[in-house]
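Peer 1: structure for the following, please:
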Amino acid sequence: MAEVAEASTGGTDDGDRSVELGGYRQELKRTLGSFQVFAITFAFFGAGIVVMVSCARLVFAMSRDSRFPAHRLMRRVDPRTRTPIPATILIFVLGVVLMVVLPGAALLELITASTILPAITYGSTIVLYLAVRKRLDRRKGAFDLGRFELPVAISALVWTLVALFVLVAPREALVSVVIVGGLLLTGGLFFLGMLKFDRAALESEPGDVSAF
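Peer 2: Residues are numbered from 1 along each chain as shown. This is a model prediction of the structure:
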């Protein structure tokens, strides 16, 4: 009887330990889950801020050079904060409208397309640099990679092409590729319109014009 009682007590202790360990695991899962949600939320918030600031800067830069619709408004800079508030509000409103109007699947396709466009932009910049680098002025004391300049540029181009291939190769990326193609076509038509109706804006660089 004593042996049976001892064995029974040992089984109860093992059961208590299992329940306790199970509770620890559940608590750990909840903690890790909360941390993961926080990390994802923070990452999305950071990415949203970066995109909004970058796009606002592009709108301001094009407006400063009279190459964006409503450029007189969009190039205004607040004297106190010294930031292009109209351009920032425009990008913020566009982002909110897209999130509200587009369903989840369409919004996901648009987000995927937004990862393809930077790769194309960076690749185009590198190609342009390689094409004109011999005609660029060399300023004394300026940053210079020296003999590593060409290898670094070529490596960057190869990396960009690989990244672009990875983004567009999957069959699921077809819709995103079509979206990017449509955006590039729209940009090309806008450029042709500027070239025909406002060539002077494309041939001048009024970067120092006061925007206040």
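Peer 1: for residue 37, grab the count of nearby residues.
Peer 2: Around residue 37 there are 10 other residues, counting by other CB atoms under 10 Å. Quick note: C-beta positions are derived from backbone N, CA and C, even for glycine.
Peer 1: sorry, slip of the keys, the one I care about is residue 101.
Peer 2: Residue 101 has 9 nearby residues by other CB under 10 Å.
Peer 1: and for residue 43?
Peer 2: Residues lying near residue 43 (other CB under 10 Å) number 10.
Peer 1: now do the SS call for it.
Peer 2: helix (DSSP: H, G, I helix; E, B strand; the rest coil).
Peer 1: residue 81 too?
Peer 2: coil.
Peer 1: so how far is residue 71 from it?
Peer 2: Going from residue 81 to residue 71 by CB to CB, to the nearest Å gives 20 Å.
Peer 1: neighbour-wise, which of the two wins?
Peer 2: More crowded of residue 81 and residue 71, by other CB under 10 Å: residue 71, with 17 against 9.
Peer 1: pretty sure that one sits against residue 63.
Peer 2: Yes. Assessed by CB atoms under 8 Å, residue 71 is found in contact with residue 63 at 3.9 Å.
Peer 1: shared neighbours, these two?
Peer 2: Between them, residue 71 and residue 63 share no contacting residue under CB atoms under 8 Å, 6 or more residues apart in numbering.
Peer 1: quick check: chain neighbours aside, which residue is closest to the residue positioned nearest the centre of the chain?
Peer 2: When CA atoms, centre = their mean is applied to the chain, the residue found nearest the centroid is residue 51 (5.3 Å). The shortest distance from residue 51 to any non-neighbouring residue, by CB to CB, 6 or more residues apart in numbering, is to residue 114 (7.4 Å).
Peer 1: so which bits of the strand or helix carrying the one you found are buried?
Peer 2: For residue 114, the host element (DSSP states H and E) is helix 104-132. Under the neighbour-count criterion of 16 or more other CB atoms under 10 Å, helix 104-132 has 109, 112, 113, 116, 119, 120, 122, 123, 126 buried.
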